[in-house]
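J.: Just need the structure, nothing else, for what follows:
(2 chains)
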Number of protein chains: 2
Amino acid sequence: MSKNITKREEDYSKWYNELVVKADLAENSGVRGCMVIKPYGYAIWEKMQAEMDKRFKETGHQNAYFPLFIPKSYFSKEASHVDGFAKECAVVTHYRLKTSEDGKTIEVDPDAKLEEELIVRPTSETIIWDTYRKWIESYRDLPILVNQWANVVRWEMRTRLFLRTAEFLWQEGHTAHATKDEAIAEAEQMLEVYADFAENFMAIPVVKGFKTETERFAGANETYCIEALMQDGKALQAGTSHFLGQNFAKAFDVKFTSQEGKQEYVWATSWGTSTRLMGALIMTHSDDNGLVLPPNLAPIQVVIVPIHKTDEQLETIRAEVKKITDSFKKLNISFKFDDRTTFKPGWKFNEYELKGVPVRVAVGPKDLENGTFEVARRDTLTKEVVSKDGIVEYIQDLLEEIQSSLFNKALKYRDEHITEVNSFEEFKDVLENKAGFISAHWDGTAETEEKIKDLTKATIRCIPIDRKEEEGVCVLTGQPSKGRVLFAKAY
Amino acid sequence: MSKNITKREEDYSKWYNELVVKADLAENSGVRGCMVIKPYGYAIWEKMQAEMDKRFKETGHQNAYFPLFIPKSYFSKEASHVDGFAKECAVVTHYRLKTSEDGKTIEVDPDAKLEEELIVRPTSETIIWDTYRKWIESYRDLPILVNQWANVVRWEMRTRLFLRTAEFLWQEGHTAHATKDEAIAEAEQMLEVYADFAENFMAIPVVKGFKTETERFAGANETYCIEALMQDGKALQAGTSHFLGQNFAKAFDVKFTSQEGKQEYVWATSWGTSTRLMGALIMTHSDDNGLVLPPNLAPIQVVIVPIHKTDEQLETIRAEVKKITDSFKKLNISFKFDDRTTFKPGWKFNEYELKGVPVRVAVGPKDLENGTFEVARRDTLTKEVVSKDGIVEYIQDLLEEIQSSLFNKALKYRDEHITEVNSFEEFKDVLENKAGFISAHWDGTAETEEKIKDLTKATIRCIPIDRKEEEGVCVLTGQPSKGRVLFAKAY
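T.: Predicted coordinates for the structure are as follows:
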């Protein structure tokens, strides 16, 4: 398998696009802006799903499923929400096709026009809050802690595989609470769940923060986010958690009787992550040879390639390998013994490198004589000859080592790319020559935020949750500021 | 919790509708024909999904994801396919909303009309075969064994929760093969997977068979199916597996180079099951008191209800219960200790009966004195006092016993409701007075099939795979027949 991927230095964006396709993760479909997630890419997404789902359930959430379609009128009920999404909605207007009169083509049947148009959900707050009205009467019905795994559609004009597609897969949590404090605590809890998942499962370091008012979710009082940094110095929003106040409860008239017998509006949160995380994964760890996968996410953690000239050699190798793979099964280490004879070992090495398999084991006649295996690490591209005694433990440790090493490497890169600046000249200089997060004072106004964006294309990624108070002046206007925020160009 | 469900004898259909809603499985949404699957219902569906997914993977399949939308032109490529689905398609025609000129309403933006309309997938053969063309060049790329978990839309006019909804959730397998025999073997294998899943996991006995030409999937050469029998004597198609021949390969020009170097069309199968299975589950096992769930599918397998007057009693009970539930955890028995004080034990008993929790354990002060628990079985509504020594093993065995007992009960009912008839009078009589499957000779023509349907509303559910050859004459026409087929009224 020839790799032929553009180098990151040459053209990072091209490298990404080629890698996604050549590593068999996804490809564009015949439908504008919609992707096909291929089995290898989907297997990685399934691992993310399973782990997130587990964490959601551990924090008391249950899954449910709400309709794909949202009546147009629902959409209009929360004013800022419709403003945020109206420009990118797929709209269903008819419910039947028919054969044209000349019998030659299939066309939309004009007699089958819907009375009210249906929007393909771009997010489900409206349909869900319309449902919650029926579920909630008293404080005893609260909290509602529900998550949904679903597809959503946002009609983006410029799309990129995983990062921005017209249809994407995601999970959306929607919770209902009796008090403001409880809703805020939920939104913050889910931010922590996301951050922990990103760092300790995906090996992607993230900054936890608040969005500015401009960057908030359409309909939220507060948007919390986790922001990751890609290898090209651009930021990627990896997950958001919104405190929605009583906005949707008011729009859909969802009240409850409190313990004191009063009628009150319900408090809400919503939170989501999507197949965008696949983009974050790829751009955090991979290199010019292809994908690099943290062992937690690798569909195949260990590939074993036999090197042999005769069938007898292959049979001897197979017997030796079976001893190891039997142990792998017990340890839940996923593996593939690639004994295909249609491809040569070198071709296979390249293929598994491209696909980011964390550990490659090669075994040939010499190894059999010496009682050894050759073990190669995908992340460092290093090899070692390891005795067959203790090989299983060696690989088990190696997988853990790779997982933490990938995180540390990404963390180091990220930390080296948070630059404090104190003037707008410096701001522009860092953005141009180093990129990454720029930590700077900002006067807190939407005007300044907008102006900086116009001048530099950098946006405020977040106001870090753990930022320290620090007197300073806005890099653009010189107005007073009480702390730094993080700017970056972003995906 | 007051049950108040209509009795099955009174009105089976009403009983079903009420049960689905009152047991918190699903409800109608504000969107015509689309349902909300509530957390309790979704938890059951998740169990089905997990088990099926495991079985698909064990038989070599991988998951992938294809677009929600299908360009209208794709649809038209396979003639019988478009005939089958054109009349019930949701069609996306626009991609933007805008505020009306008076600023008062939100309307579809006429300037945002799609060049080509998009169909919301009713099934994905067309978009998938358009993709497979890019994936397949040589015999080395075959077979492709892919499954997709997705939502699909069929604009049904009369809908019923789970049984027939405009949007539903399903899985659809789509495989590509080098030879006809291999594709047929795949279609047959998946029929076996479905039958085994239905019987040994869901405790639903099924008949395996072929569909007649009239009842075949639009675009298939052969449709295999599993047919179940509901308690009202109506049949329910619980899963289908299609041998698609080269129809889609020809429509989408998908060829491969064979080992002999020849260009050949690829052979195909597709197979699917859906949230309809929830309807089958409910109507196979449940009774006038509510849901009855086989332990394999119960989100809560054992509920434990404390009966106490004082807090101290509750604490003692809690300590006793913890010993049991610690063992449950190790054994993967799911449980709930319902110590809410806002509801009385009697209310709780009713609620868990309604929700079909297989085993209920009650424990009060007397039990503490005697070292016993009261164990109640949902399926038989019987109770027993069990010593706390060995209670865990008792419950473990009981869960297995309930699972197999439910299957046997359903099997007995089903077998008692397969009636052989030899005249059309008998046919009508059985259909009217006993219902169930009617095993009868048929002359093999679509005309007779249609006529019987018009006269009786009964359709040929299937030609059983294991039917024995038997000379006979068609119940309607008296024409010769070589074996019996199964008729029934159906969902």
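J.: pLDDT weak spots in the stretch 1-150 of chain A?
T.: For the stretch 1-150 of chain A, residues meeting the criterion pLDDT under 70 lie at A:1-3.
J.: Could you point out the longest helix of chain A?
T.: With DSSP state H setting the assignment, residue counts place helix A:391-416 as the longest helix in chain A.
J.: Can you tell me the strand partners of whichever helix or strand comes after it and which way each runs?
T.: With elements assigned by DSSP states H and E, the helix or strand that comes after helix A:391-416 is strand A:418-420. Here strand A:418-420 has these sheet partners by DSSP bridges: strand A:437-441 (parallel).
J.: average model confidence for the strand it pairs with?
T.: Mean pLDDT, strand A:437-441: 98.
J.: ok so, going back, show me what the longest helix of chain A is packed against.
T.: For helix A:391-416, the packing partners by 3 or more Cβ pairs under 8 Å, 6 or more residues apart in numbering or on different chains; DSSP states H and E come out as strand A:222-229, helix A:276-285, helix A:311-331, strand A:359-363, strand A:372-377. In this view, the C-beta of every residue, glycine as well, is placed from N, C-alpha and C.
J.: do you know which of those lies nearest chain B?
T.: Proximity of the helices and strands packed on helix A:391-416 to chain B was assessed by Cβ to the nearest Cβ; the nearest stretch is helix A:276-285, lying at 11.3 Å.
J.: Distance from the chain centre to the closest one, please.
T.: 7 Å (Cα atoms, centre = their mean, to the nearest Å).
J.: is it anywhere near chain B?
T.: No - judged by Cβ under 8 Å from any Cβ of the partner chain, helix A:276-285 and chain B are separated, with a smallest distance of 11.3 Å.
J.: Check which helices and strands that helix sits against.
T.: With contacts defined as 3+ Cβ pairs under 8 Å, 6+ apart, helix A:276-285 has these neighbours: helix A:12-22, helix A:39-58, strand A:235-245, helix A:391-416.
J.: Would you mind finding the most buried of these?
T.: strand A:235-245 (a mean of 25; mean count of other Cβ atoms under 10 Å in any protein chain shown).
J.: so that one versus strand A:222-229, what angle?
T.: Orientation of strand A:235-245 against strand A:222-229 (axes from the mean of the first three to the mean of the last three Cα atoms, to 10 degrees) gives an angle of 170 degrees.
J.: Using a markdown table, please lay out the helices and strands packed on helix A:391-416 together with mean pLDDT and mean neighbour count.
T.: Output for the helices and strands packed on helix A:391-416, formatted as a markdown table (pLDDT from 0 to 100; neighbours: other Cβ atoms under 10 Å in any protein chain shown):
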| stretch | mean pLDDT | mean neighbour count |
| --- | --- | --- |
| strand A:222-229 | 98 | 26 |
| helix A:276-285 | 98 | 25 |
| helix A:311-331 | 95 | 14 |
| strand A:359-363 | 97 | 22 |
| strand A:372-377 | 97 | 19 |
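J.: In JSON lines: these, plus distance to B:K355.
T.: Formatted as JSON lines, those follow (distance: least, Cβ to Cβ, whole Å):
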{"stretch": "strand A:222-229", "distance to B:K355": "35"}
{"stretch": "helix A:276-285", "distance to B:K355": "35"}
{"stretch": "helix A:311-331", "distance to B:K355": "37"}
{"stretch": "strand A:359-363", "distance to B:K355": "47"}
{"stretch": "strand A:372-377", "distance to B:K355": "51"}
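J.: among those, which is nearest A:R414?
T.: Checking the helices and strands packed on helix A:391-416 against A:R414 by Cβ to Cβ gives strand A:222-229 as the closest, at 4.6 Å.
J.: Which strands border the closest one, and is each parallel or antiparallel?
T.: Partners of strand A:222-229 in its sheet, by DSSP bridges: strand A:207-210 (antiparallel), strand A:235-245 (antiparallel).
J.: hang on, isn't A:Q171 packed against A:W149?
T.: Yes - the pair A:Q171 / A:W149 is scored as a contact, 5.0 Å apart, by Cβ atoms under 8 Å.
J.: Now the one residue in the stretch 301-450 of chain A that gets nearest to chain B. Its backbone dihedrals?
T.: Nearest to chain B, among the residues of the stretch 301-450 of chain A, is A:T342, at 6.5 Å (Cβ to the nearest Cβ). Phi and psi for A:T342, reported as degrees, to the nearest 10, are phi -80, psi -10.
J.: Give me the pLDDT for it.
T.: Note for A:T342: predicted pLDDT of 85.
J.: From A:N296, how far off is A:A268?
T.: For A:A268, the distance to A:N296 equals 32 Å [Cβ to Cβ, to the nearest Å].
J.: hang on, the earlier thing: okay, the helices and strands packed on helix A:276-285 in CSV with distance to A:L161 next?
T.: Below are these laid out as CSV (distance: least, Cβ to Cβ, whole Å):
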stretch, distance to A:L161
helix A:12-22, 5
helix A:39-58, 9
strand A:235-245, 14
helix A:391-416, 21
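J.: circling back: nearest to A:W442 among the helices and strands packed on helix A:391-416 would be which one?
T.: When the helices and strands packed on helix A:391-416 are compared by Cβ to Cβ, strand A:222-229 sits nearest A:W442, at 15.7 Å.
J.: and the angle for that closest one with helix A:276-285?
T.: Using the same axes, to 10 degrees: strand A:222-229 against helix A:276-285 is 40 degrees.
J.: residues in contact with strand A:222-229?
T.: Residues outside strand A:222-229 that contact it (Cβ atoms under 8 Å, 6 or more residues apart in numbering or on different chains): A:184, A:187-188, A:190-191, A:194-195, A:198, A:204-211, A:215-217, A:235-243, A:280, A:284, A:413-414, A:417, A:436-437, A:461-462, A:465, A:486, A:488.
J.: nearest to B:E9, of the helices and strands packed on helix A:276-285?
T.: helix A:39-58 (39.5 Å).
J.: list the helices and strands the closest one packs on?
T.: Secondary-structure packing of helix A:39-58 (3+ Cβ pairs under 8 Å, 6+ apart): strand A:144-153, strand A:167-177, helix A:180-200, helix A:276-285, strand B:62-63.
J.: Going by contacts, tell me the helices and strands next to the longest one.
T.: The elements that helix A:180-200 packs onto, with contact taken as 3+ Cβ pairs under 8 Å, 6+ apart, are helix A:39-58, strand A:167-177, strand A:207-210, strand A:222-229, strand A:235-245, strand A:267-274.
J.: At the geometric centre of chain A, which residue do we find?
T.: When Cα atoms, centre = their mean is applied to chain A, the residue found nearest the centroid is A:L277 (1.6 Å).
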